[in-house]
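[1] please work out how this folds:
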Amino acid sequence: MVETHSLESYIKAKYYDKIFDAVCNYVEAHKNGLELRLHHVVNISEVEVSEIDIRTVNVSDCPEMKIKFDILVQAELYVRGQNHRRDDEDECEQWFLLKCSGDLEKRLNDFCIISLSTYNGKSRAKQPLSNSLVPYIKSSQLEDVATEFLKRYYPEALAEPIPLDPKLLAKRMGLDVKVREISRDASVFGELCFYKTDTELYDSAIGRNEIVTILGGTIIVDPRNYLLRNLGSVNNTIVHECVHWDKHRKLFALERLFNPEATRIKCQVVGGIKDNKTRNVTDWMEWQANALAPRIQMPLTCFRRKALEVIKELKTQRNNAEFIDLLGPAIDTLANFFCVSRCAAKIRMIDAGYTEAIGIFTYIDGHYVRPHCFKERAISTSQTYSVSIKDVVIERIVNRKFADILATGDYIFVENHICFNAPEYITVDDYGQPSLTEYARLHIDECCLVFNLEAQNLNSYGESYYTECVLFRDADSKVQFIAHFSADNKGANEKQQESIRAYKNDILTLWKSLMESFTEAFDTVVRWSDMSEEELAHQAAIDVRTLQRLRNDPDQNPTIETLVLLCIAMKLPPMISRSLLNKAGFSLKANERDFMYEFLLDGYYTYSVEECNKVLIEQGIKPLSKNARAELKETNPNLYKKLK
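    Sure, this is the predicted structure:
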């Protein structure tokens, strides 16, 4: 387990006396040149150090396991002076700067004070490390840090586009890669041992953990991740651990000064470091390894060169294709070439300036969303236009403004977007389902609502990385996201406002014509739908006679399922559906079933009954029609029992 011990606390515990003596000796030797702020003493005869406080330790990185560090000390001084026939006394403070060095390989037993002087306000490390000996790396420095890493270990990757061999990289760094199972549930995809250790590793052959001795400088990769994930992810794992070795070995050496049991890092499938209770230094380490690994595997200059080559070739092969439709094949080609995951290649496409790639390979509700694009900087990197059904259902419950927007019928759920309901943006596909027009797909920012994305179950650094470009909404990703309706939505533009006014006038006219009785109102709505009784009965999968009774017999009492079913079959606007429900004596309540009914009636009513039943089943709710229920009960009785 990685704690957050600091070099400062170690120095205080072990070398306080040595530092105190050094300050005393310096004060004694320079007592008349200290420029002390004194009130009484004019002629100093004696200066005594009564107490020191080690205030700050600023660390600089050095080759191998060596470090240099500046120690800032606040000293309390007792000053005596002689003025004619009486003695004067004063107390004051003075700050001192000690420049020191040490070798962590020698457990800092060679601690050395190189120089000591009064502090003049200047102490800045050239290659700074935190007090826990983790490098300070800003997001803006990542490309340079990755380039420097490659210059030392794999310079040929900077000369031309080539796939980086992670095992060769590890070998050049003096690391050994072993492939064997780590945990029972395969939740740990890699482990790096900094020092020789006896560790528990899972063995499926015997069905339990066993104690195995692993030498220091060993990377362990679980072979099941070749199957559960892909080769690109495994390659990333090895490079990820190589980054830990290069950047974080000194942290572990420091930790061993406090805790000899600290020997390794376990990296989980979802990101973050396993077995750590504190969430600062360890999260920082993981962010660095996550962010640097793909930049090392795909150096930006060479990646750009290869991406341009691939896109040119695809343009030649697919002469009339939209540029957005070339990016998917380009990402897959680049992923195969660099032996990385699709997701990693997508990240680098964004880094390389192809911002349109944000709309590629977004995996939601068990399928990929069709490629789409929007204006550059239309949304931030933690926002999206693509949402899941579950997100919409929940957000509709908790966000009144969003619920009101859906209730108007101005926007509907189409291809995992909440899109403005107008012919220029929404059409019907070959299967009769609503879909985005080609114009809408290429101008998502013009017609769809914005949502903020929140990554679940991630530490702060992990969340920052995984929401970097909302790129981890991929089939291979284990990261879960929640979408929240964004305050950045500016409302409909002028053209859309005209369409809304025309649409609302039509709906308002229908709503005003509805009689108080359900039977008369229902008959009016059926006539408005312009569907024959046979067509409506077929769409709703009910008997024509049932439909006729509802239109003509005031004593008929339809179930809420039947009424929701008919509203969807007629594709009724939300305002009309709610009116019919009210006239039939129904009100949707605060339960999972009714939440889903509200979603279908407000944002999904343009889909077929069959598609709506499918959505209900996926969300754990029984389908609407009796026929669909009976069929499901017969074909999958176990699933049917679980549905509400």
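[2] and Val177, what pLDDT?
    Listed pLDDT for Val177 reads 93.
[3] next: the one 3 residues further on.
    pLDDT recorded at Arg180 is 87.
[4] how many other residues sit next to it?
    When neighbours are counted by other C-beta atoms under 10 Å, Arg180 registers 14. The way it works is simple: take the backbone N, C-alpha and C, and place the C-beta from them, glycine included.
[5] restrict stretch 93-106 to CA atoms and write it as PDB.
    Provided in PDB are the C-alpha atoms of stretch 93-106 (Å, rounded to 0.1, in the frame of the first residue of the first chain):
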ATOM      1  CA  GLU A  93      14.600  34.900  14.000                       C
ATOM      2  CA  GLN A  94      16.700  34.200  10.900                       C
ATOM      3  CA  TRP A  95      16.000  31.900   7.900                       C
ATOM      4  CA  PHE A  96      18.700  29.700   6.400                       C
ATOM      5  CA  LEU A  97      18.900  27.700   3.200                       C
ATOM      6  CA  LEU A  98      20.800  24.300   3.300                       C
ATOM      7  CA  LYS A  99      21.600  22.700  -0.100                       C
ATOM      8  CA  CYS A 100      21.800  19.000   0.400                       C
ATOM      9  CA  SER A 101      22.100  15.700  -1.500                       C
ATOM     10  CA  GLY A 102      21.600  12.000  -0.900                       C
ATOM     11  CA  ASP A 103      21.200   8.700  -2.600                       C
ATOM     12  CA  LEU A 104      18.000   6.700  -2.000                       C
ATOM     13  CA  GLU A 105      19.800   3.500  -3.100                       C
ATOM     14  CA  LYS A 106      21.900   4.100   0.100                       C
END
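[6] contacts only, for the nearest residue to Glu520 once chain neighbours are set aside.
    Sequence neighbours aside, Leu514 is the residue nearest to Glu520 in space, at 7.8 Å (criterion: C-beta to C-beta, 6 or more residues apart in numbering). Shown in contact with Leu514 (C-beta atoms under 8 Å, 6 or more residues apart in numbering): Glu520, Ala521, Thr524, Val525, Ile576, Ser579, Leu580, Lys583.
[7] secondary structure for the residues you listed - can I get that in CSV?
    Converted to CSV, the contacts of Leu514 look like this (DSSP: H, G, I helix; E, B strand; the rest coil):
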residue, secondary structure
Glu520, helix
Ala521, helix
Thr524, helix
Val525, helix
Ile576, helix
Ser579, helix
Leu580, helix
Lys583, helix
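[8] ranges for the helices of the stretch 451-600 of the chain?
    Applying DSSP state H, counting those that start in this stretch to the stretch 451-600 of the chain gives helices spanning 460-466, 494-513, 518-529, 533-540, 544-552, 560-569, 574-583, 592-603.
[9] re the thing from before, just the buried residues out of the contacts of Leu514, in PyMOL syntax.
    Those of those that count as buried under 16 or more other C-beta atoms under 10 Å are selected in PyMOL with:
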select buried, resi 521+524+525+576+579+580+583
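[10] and stretch 345-359, how far from the chain's centre?
    Distance of stretch 345-359 from the chain centroid (C-alpha atoms, centre = their mean, to the nearest Å) equals 16 Å.
[11] tell me how far the ends of it are from each other?
    End-to-end distance of stretch 345-359 (C-alpha to C-alpha, to the nearest Å): 14 Å.
[12] still on that earlier bit, any idea how far the residue nearest to Glu520 lies from Ala344?
    56 Å (C-beta to C-beta, to the nearest Å).
[13] break this structure down into its domains, please.
    7-129, 139-297, 361-485, 514-642 (automatic domain parsing).
[14] including distance to Ala335, could those go into TSV?
    Output for those, formatted as TSV (distance: least, C-beta to C-beta, whole Å):
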stretch	distance to Ala335
domain 7-129	33
domain 139-297	6
domain 361-485	10
domain 514-642	29
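[15] nearest to Glu322, out of those domains?
    domain 361-485 (6.8 Å; C-beta to C-beta).
[16] quick one: mean pLDDT over that closest one.
    pLDDT averaged over domain 361-485 gives 82.
[17] how far does that domain sit from its chain's centre?
    16 Å.
[18] start to end distance for it?
    Domain 361-485 has an end-to-end distance of 22 Å (criterion: C-alpha to C-alpha).
[19] what does the helix or strand harbouring Lys18 rub up against?
    Taking DSSP states H and E as the criterion, Lys18 maps to helix 7-29. Here helix 7-29 makes contact (C-beta under 8 Å, 6+ apart) with 34, 47-49, 52, 54, 56-57, 59, 67, 69, 71, 73, 75, 77, 94, 96, 98, 108, 111, 113, 116-117, 131-133, 254, 257-258.
[20] from the residues you listed, which land in helices?
    The helices, defined by DSSP state H, take in Leu254, Leu257, Phe258 from the contacts of helix 7-29.
[21] and the residue nearest to the second one when sequence neighbours are not counted, how many residues sit next to it?
    The shortest distance from Leu257 to any residue other than its chain neighbours is 5.6 Å, reached at Tyr10 (C-beta to C-beta, 6+ apart). A count of neighbours around Tyr10, defined by other C-beta under 10 Å, yields 18.
[22] change the start of the numbering to 201 and stick with it
    I'll keep to 201 as the first residue from here, and by that count the last item is Tyr210.
[23] got a pLDDT number for Tyr210?
    95.
[24] one more: Arg479?
    So Arg479 comes in at 46 (pLDDT).
[25] and for Thr724?
    pLDDT at Thr724 comes out at 92.
[26] what's the answer for the one 3 residues further on, then?
    We note a pLDDT of 92 for Arg727 in this prediction.
[27] next: Thr418.
    The model reports Thr418 with a pLDDT of 92.
[28] count of residues packed around it?
    Applying other C-beta under 10 Å, we find 21 residues neighbouring Thr418.
[29] next: Ala830.
    The burial count for Ala830: 12, using other C-beta under 10 Å.
[30] one more: Cys312?
    Counted with other C-beta under 10 Å, Cys312 comes out at 12.
[31] next one: phi and psi at the nearest residue to it once chain neighbours are set aside?
    Once flanking residues are discounted, Cys312 sits nearest to Ser301: 5.2 Å by C-beta to C-beta, 6+ apart. Ser301 adopts backbone torsions of phi -150, psi 160, taken as degrees, to the nearest 10.
[32] before we move on, what about Ala545?
    phi -70, psi -40.
[33] residue contacts, it?
    Gly432, Met498, Ile531, Asp532, Leu534, Ala535, Phe538.
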